[in-house]
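Asker: Following is a predicted model, sequence given first.
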Amino acid sequence: MRLLLLTLIAMLVPGMAMAQTIDLGAITSSDGQTVGTIIQLFGLLTILSVAPGILIMVTSFTRFVIAFSILRAGMGLPTTPANLILVSLSLFMTFYVMAPTFDRAWADGVRPLMNNEITEQVALERISAPFRGFMVNNVREKDFALFADLASERGNIDATAETADLRILVPAFMISEIRRGFEIGFLVVLPFLVIDLIVATITMSMGMMMLPPTVVSLPFKILFFVLIDGWNLLVGSLVRSFA
């Protein structure tokens, strides 16, 4: 009986496998451009996988997260607020600042592409145009000139910020955002540094050599930041700093 059962299974398995064979002709387009379709799907998956990196490179996220991180370090709170809170706040503020850019990219590029009104190449140009305009308005001329000069040294054609290749504009915009983030962070940390110096001077004059000044100054820094409504001032200043 066991031998008969094994023989029956051996006869049925090849038939089942043949019945479940995938018909590759079903995924072939009417023009026979199966390879092109596969490449398009692969490109779409690649773009989705690097979407977080693209969000950081061409939006206002960098300036927000740097300023918030320096604020936390200046207050002497290495883990409060948590990284998840700072990153989430930076993301929502990025969506707030970039809302007109996202709306324009959706209306001009993504929606017509989904409705098969334009080709992928035209959609890519229309989607990148709003982000290019945002970067051009916020990039420093000195930073753009640096990468433009480096590109000209390698044989590329000189161009202005409005017509430059994204390989030149994006890194120039990123270092501009990092610089502005540190500038804002310095202005934020400066009052806390003054409080630390005052507390350290008082504790040293009282002979409390073994008491760390940061332990005493921490409550005063938190109280000072709350009294001046620091989060409101910082977030408002960051939003207004974008052109």
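Answerer: Perfect, thanks for sending it.
Asker: Give me the contact list for the helix or strand hosting S128.
Answerer: Using DSSP states H and E, S128 maps to helix 120-138. Helix 120-138 is contacted from outside by 40, 58-60, 98, 100-102, 104-105, 108-110, 112-113, 118, 161-162, 166, 169-170, 173, 176-177, 242-243, using CB atoms under 8 Å, 6 or more residues apart in numbering. Using the backbone N, CA and C atoms, a C-beta is placed for each residue, glycine as well.
Asker: from the residues you listed, which ones fall inside helices?
Answerer: Members of the contacts of helix 120-138 lying in helices (criterion: DSSP state H): 40, 58, 100-102, 104-105, 112-113, 166, 169-170, 173, 176-177.
Asker: Now, of those residues, which are buried?
Answerer: 58, 101, 104-105, 112-113, 169-170, 173, 176-177 (16 or more other CB atoms under 10 Å).
Asker: min pLDDT across the residues you listed, which one?
Answerer: pLDDT across these is lowest for L113, at 75.
Asker: buried sites along the helix or strand hosting L187?
Answerer: Per DSSP H and E, L187 falls inside helix 166-205. By 16+ other CB under 10 Å, the buried positions in helix 166-205 come out as 168-177, 180-181, 184-185, 188-189, 192, 195-196, 199, 203.
Asker: Can you give me every residue that contacts V110?
Answerer: 123, 127.
Asker: dump the residue contacts of D196.
Answerer: 213-214, 217, 221.
Asker: Max pairwise distance over those residues: which two?
Answerer: P213 and K221 (11.2 Å; CB to CB).
Asker: any weak-confidence spans in the chain?
Answerer: For the chain, the stretches flagged by pLDDT under 70 are 1-37, 40, 42-44, 47-48, 155-162, 243.
Asker: hmm, 50 instead?
Answerer: Counting by pLDDT under 50, the chain has low-confidence residues at 3-6, 8-24, 26-29, 32.
Asker: in what helix or strand does the residue most central in space within it lie?
Answerer: Centroid-nearest residue in the chain: I56, 1.9 Å away (criterion: CA atoms, centre = their mean). Using DSSP H and E, I56 sits in helix 51-58.
Asker: buried sites along that helix?
Answerer: 55-58.
Asker: Pull the number of nearby residues for the residue lying closest to I184 once chain neighbours are set aside.
Answerer: Once flanking residues are discounted, I184 sits nearest to A67: 4.7 Å by CB to CB, 6 or more residues apart in numbering. Burial measure for A67: 25 neighbouring residues, criterion other CB atoms under 10 Å.
Asker: Dump the helix or strand A67 falls within to CSV, restricted to CA.
Answerer: Of the helices and strands defined by DSSP H and E, A67 is found in helix 61-75. Taking C-alpha atoms only, helix 61-75 is exported to CSV below (Å, rounded to 0.1, in the frame of the first residue of the first chain):
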residue,chain,number,x,y,z
PHE,A,61,14.1,68.2,7.0
THR,A,62,17.9,68.7,7.5
ARG,A,63,17.5,72.1,9.0
PHE,A,64,14.8,71.1,11.4
VAL,A,65,16.4,68.0,12.8
ILE,A,66,19.8,69.7,13.3
ALA,A,67,18.2,72.6,15.1
PHE,A,68,16.1,70.4,17.4
SER,A,69,19.1,68.1,18.1
ILE,A,70,21.4,71.0,19.1
LEU,A,71,18.6,72.4,21.3
ARG,A,72,18.3,69.1,23.2
ALA,A,73,22.1,69.0,23.6
GLY,A,74,22.3,72.6,24.8
MET,A,75,19.6,72.0,27.5
